[in-house]
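K.L.:
Dropping a prediction and its sequence here:
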Amino acid sequence: MAPAPLPLLVAAFSLLFAAATPIRDVADACSSQVQAADFEHLNSSAMHLPLHHSRGPCSPVSAPSDLPFSAVLTHDDSRIASLAARLAKAPSSSSSARPTVTVASLYRANDEVDGVAASLASVPLTPGTSYGVGNYVTRMGLGTPAKPYIMVVDTGSSLTWLQCSPCRVSCHRQSGPVFDPKTSSSYAAVSCSTPQCNDLSTATLNPAACSSSDVCIYQASYGDSSFSVGYLSKDTVSFGSNSVPNFYYGCGQDNEGLFGRSAGLMGLARNKLSLLYQLAPTLGYSFSYCLPSSSSSGYLSIGSYNPGQYSYTPMVSSTLDDSLYFIKLSGMTVAGKPLAISSSEYSSLPTIIDSGTVITRLPTTVYDALSKAVAGAMKGTKRADAYSILDTCFVGQASSLRVPAVSMAFSGGAALKLSAQNLLIDVDSSTTCLAFAPARSAAIIGNTQQQTFSVVYDVKSNRIGFAAGGCR
């Protein structure tokens with residue numbers, strides 16, 4: 001869940017550094033990094049937000065410092081399973097263990113809104129995407145007067161939603177107060193007869209419901225049994241000094257699962273109800289980001305960008321899911337040598353680029369060749385036991401090892417030249433592993449490989465661009 005700040009962004013320090021540093025010093029360091037960040041490469045006409053990694057100490061919703069990395073991988077695998085099920089238009093393998101969300105339960109606690117159709121009372125929600133602790137967050141303003149809320153940013157989701165008072169059924173613990181619609185003079189519930197209510201089925205992959213008072217009800221569900229159910233609403237959304245009225249979003253009344261301490265989810269997928277598409281008439285159909293590592297600053301920028309700095313790959317059309325971002329992986333090299341496989345193996349599965357997936361998944365043949373080539377190039381480095389889903393591991397930390405140059409090439413000439421931190425991921429204090437795994441039904445370019453690159457999603461021109469050195 002699967003699903004970022006802009007002209008300023010908070011850098012994330014290592015958890016080890018945070019644990020040994022006084023809180024005041026960490027706060028001062030975070031502030032200094034924001035002030036020192038170089039955003040000259042961003043277009044001044046776009047809307048910029050700071051982007052935080054949820055596991056960094058500068059994050060407003062930092063994960064517990066004792067959280068094992070295996071938990072990140074477990075959530076990541078749930079996300080992959082649900083994406084695979086979504087592409088296959090079938091329930092995920094964990095659906096039998098997933099509780100049925102009863103829309104009626106939301107309204108038994110509400111004397112004003114009731115009468116949900118019986119046929120909707122016990123419909124299992126379609127699995128969406130899992131949201132764990134490998135995600136990125138930013139602040140979004142909502143209401144009049146505007147108040148800030150911490151949101152998970154995700155390119156694999158469409159509907160933006162956040163927890164709303166009075167949380168008639170359940171709200172998870174979040175950082176800061178829950179949004180109260182009664183405090184916003186621009187808030188309005190959305191009726192069932194609106195086009196936006198009809199659009200919910202494609203935005204959430206679940207049917208909309210309708211209350212007896214004609215309020216549209218959304219149902220958003222995710223692959224790890226997390227879900228949000230509530231009222232489709234509209235209000236003024238703001239980012240810094242920029243505000244846009246009549247923004248459609250979900251006002252969650254029953255929100256349960258693994259959303260960390262965020263207020264909700266910001267959707268940037270290709271859908272009428274996504275944040276991107278709703279802001280597009282004002283800002284244009286593009287957004288860019290630089291995902292920060294544990295020691296860098298990042299941003300999310302919505303709107304126009306400087307096109308000359310990027311190398312591009314076309315977005316690939318797919319009938320599997322027209323809201324996700326598909327591209328074509330065309331080759332990989334290790335130490336300057338192409339992997340010893342046929343070029344057709346790279347396109348044996350559809351490939352998605354996704355901000356919410358931590359570990360990149362490759363077609364099995366490609367992964368096996370990559371694993372063998374990297375291990376061969378690092379034959380002088382002591383091997384470590386497999387860790388969870390990662391089976392190519394080494395003793396040491398990524399920053400201290402000599403690793404081969406690895407590049408991922410995409411159709412059209414775009415490429416990602418991976419640093420050690422893009423190639424390997426530290427799973428504990430003494431072990432680092434290849435940050436790739438075999439794919440199920442789709443290859444996925446995850447956020448570890450994207451970190452510190454500037455990535456632009458130019459939906460209008462139907463292309464995705466990459467540029468090195470997007471953030472520190």
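P.N.:
The structure has been received and is ready for your questions. In this text the structure is predicted, and so the values were computed from the model without any measurement.
K.L.:
Next, the contact list for L418, please.
P.N.:
A405, V406, S407, M408, Q449 (Cβ atoms under 8 Å, 6 or more residues apart in numbering). (Each C-beta comes from the backbone N, C-alpha and C, glycine too.)
K.L.:
Now the last one, what are its backbone angles?
P.N.:
Same thing as Q449. Phi and psi for Q449, reported as degrees, to the nearest 10, are phi -70, psi -20.
K.L.:
Now do the buried residues in the lengthiest helix in the chain.
P.N.:
Counting residues, the longest helix in the chain under DSSP state H turns out to be helix 69-88. Residues of helix 69-88 classed as buried by neighbour count (16 or more other Cβ atoms under 10 Å): 69, 71-87.
K.L.:
Keeping just the C-alphas, turn it into CSV.
P.N.:
Included here for helix 69-88 are C-alpha records, laid out as CSV according to Å, rounded to 0.1, in the frame of the first residue of the first chain:
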residue,chain,number,x,y,z
PHE,A,69,13.3,-6.3,7.8
SER,A,70,11.5,-9.7,7.4
ALA,A,71,8.3,-7.8,8.2
VAL,A,72,8.9,-5.5,5.2
LEU,A,73,9.4,-8.5,3.0
THR,A,74,6.3,-10.2,4.2
HIS,A,75,4.2,-7.1,3.4
ASP,A,76,6.0,-6.7,0.1
ASP,A,77,5.2,-10.3,-0.9
SER,A,78,1.5,-9.7,0.0
ARG,A,79,1.5,-6.7,-2.3
ILE,A,80,3.0,-8.8,-5.1
ALA,A,81,0.4,-11.6,-4.6
SER,A,82,-2.5,-9.1,-4.7
LEU,A,83,-1.1,-7.4,-7.8
ALA,A,84,-0.8,-10.8,-9.5
ALA,A,85,-4.4,-11.6,-8.6
ARG,A,86,-5.5,-8.1,-9.8
LEU,A,87,-3.9,-8.7,-13.2
ALA,A,88,-5.4,-12.2,-13.4
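K.L.:
confidence score at the closest residue to P350 other than its chain neighbours?
P.N.:
Distances taken as Cβ to Cβ, 6 or more residues apart in numbering place A442 nearest to P350, at 5.0 Å, with adjacent residues excluded. At A442, the model reports a pLDDT of 93.
K.L.:
Where is the longest strand in the chain?
P.N.:
strand 242-256 (DSSP state E).
K.L.:
where does the chain have its least confident helix or strand?
P.N.:
helix 15-19 (a mean of 24; mean pLDDT, DSSP states H and E).
K.L.:
and after the longest strand of the chain, which helix or strand comes next?
P.N.:
strand 264-267 (DSSP states H and E).
K.L.:
So which elements touch that following strand?
P.N.:
Strand 264-267 sits against strand 147-154, strand 161-163, strand 242-256, with contacts defined as 3 or more Cβ pairs under 8 Å, 6 or more residues apart in numbering; DSSP states H and E.
K.L.:
dump the residue contacts of the residue lying closest to G264 once chain neighbours are set aside.
P.N.:
Distances taken as Cβ to Cβ, 6+ apart place L162 nearest to G264, at 3.1 Å, with adjacent residues excluded. L162 makes contacts with M140, L142, Y149, M151, F179, Y249, G250, C251, G252, A263, G264, L265, as judged by Cβ under 8 Å, 6+ apart.
K.L.:
6 Å instead?
P.N.:
Y149, F179, A263, G264 (Cβ atoms under 6 Å, 6 or more residues apart in numbering).
K.L.:
okay, now the residue nearest to N462 when sequence neighbours are not counted: neighbour count?
P.N.:
In this structure, N462 finds its nearest non-sequential neighbour in M315, 4.8 Å apart by Cβ to Cβ, 6+ apart. M315 has 20 neighbours, counted by other Cβ atoms under 10 Å.
K.L.:
could you dump the contacts of L162 to TSV with distance to A208?
P.N.:
What follows is the contacts of L162, written out as TSV (distance: Cβ to Cβ, whole Å):
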residue	distance to A208
Y149	24
F179	21
A263	22
G264	18
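K.L.:
Return the distance of the longest strand of the chain from the chain's centre.
P.N.:
Offset of strand 242-256 from its chain centre (Cα atoms, centre = their mean, to the nearest Å): 18 Å.
K.L.:
Ok, stretch 332-351 next?
P.N.:
With Cα atoms, centre = their mean, you get 26 Å for stretch 332-351.
K.L.:
In the stretch 1-150 of the chain, where is pLDDT below threshold?
P.N.:
1-45, 53-67, 90-134 (pLDDT under 70).
K.L.:
repeat that for 80
P.N.:
1-47, 52-68, 89-135 (pLDDT under 80).
K.L.:
and if you look at the stretch 251-400 of the chain?
P.N.:
257-260, 293-297.
K.L.:
gap between the nearest residue to S411 once chain neighbours are set aside and L291?
P.N.:
Nearest residue to S411, sequence neighbours excluded (Cβ to Cβ, 6+ apart): K328, at 4.2 Å. K328 sits 21 Å away from L291, going by Cβ to Cβ, to the nearest Å.
K.L.:
cool, and S186?
P.N.:
Look at S186 and L291: by Cβ to Cβ, they are 32 Å apart.
K.L.:
who's more crowded, the two?
P.N.:
Legend: neighbour count by other Cβ under 10 Å for S186 and L291, higher for L291 (27 against 18).
K.L.:
Assign a three-state SS to T448, would you?
P.N.:
Secondary structure, DSSP: H, G, I helix; E, B strand; the rest coil: T448 is helix.
K.L.:
circling back: out of the helices and strands packed on strand 264-267, which comes closest to T333?
P.N.:
For T333, the closest of the helices and strands packed on strand 264-267 is strand 147-154, at 30.3 Å, according to Cβ to Cβ.
K.L.:
now the angle between helix 69-88 and the closest one, please.
P.N.:
Angle of strand 147-154 versus helix 69-88, following axes from the mean of the first three to the mean of the last three Cα atoms, to 10 degrees, is 70 degrees.
K.L.:
For strand 147-154, name the packing helices and strands.
P.N.:
strand 136-142, strand 264-267 (3 or more Cβ pairs under 6 Å, 6 or more residues apart in numbering; DSSP states H and E).
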